[in-house]
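Engineer: Next one to model:
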Amino acid sequence: MKVTVTKKESVSPVYIGTDYIKLQDAMKLANLVLSGGEAKVLIQDGQVEVNGAVCTMRGKKLCPGDTFRFQGKTCRIEKQV
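Structural biologist: Reported below is the predicted structural model:
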């Protein structure tokens, strides 16, 4: 019998104190990029997924519960309590 084991991907929380955050700002907050300019290029190049789909809108608003993925790292937006 062949058994396939898949590693469950960890999801890092990104806490916000507002109702939403722009994708480029969330990437900076999660320390995935050094600047908004870098995030802009990567997003427009189609290298970022939001909720499982490629997103090329750098101003995309993310709300608590939304996820984004870049270079194998997944982050979930969480409301800061």
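
Engineer: In the chain, where is pLDDT below threshold?
Structural biologist: Applying pLDDT under 70 to the chain flags the ranges 5-9.

Engineer: Do you have the helices of it handy? List them.
Structural biologist: Taking DSSP state H, the helices of the chain run over residues 23-29, 36-44.

Engineer: In CSV: these, plus mean neighbour count.
Structural biologist: (C-beta placed from N, C-alpha, C; glycine too.) Below are those laid out as CSV (neighbours: other C-beta atoms under 10 Å):
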stretch, mean neighbour count
helix 23-29, 21
helix 36-44, 16
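
Engineer: Of these, give the one that comes closest to Gly52.
Structural biologist: helix 23-29 (14.2 Å; C-beta to C-beta).

Engineer: Show me what the closest one is packed up against.
Structural biologist: If you count contacts as 3 or more C-beta pairs under 8 Å, 6 or more residues apart in numbering; DSSP states H and E, helix 23-29 packs onto strand 11-16, helix 36-44, strand 48-50, strand 61-62, strand 67-70.
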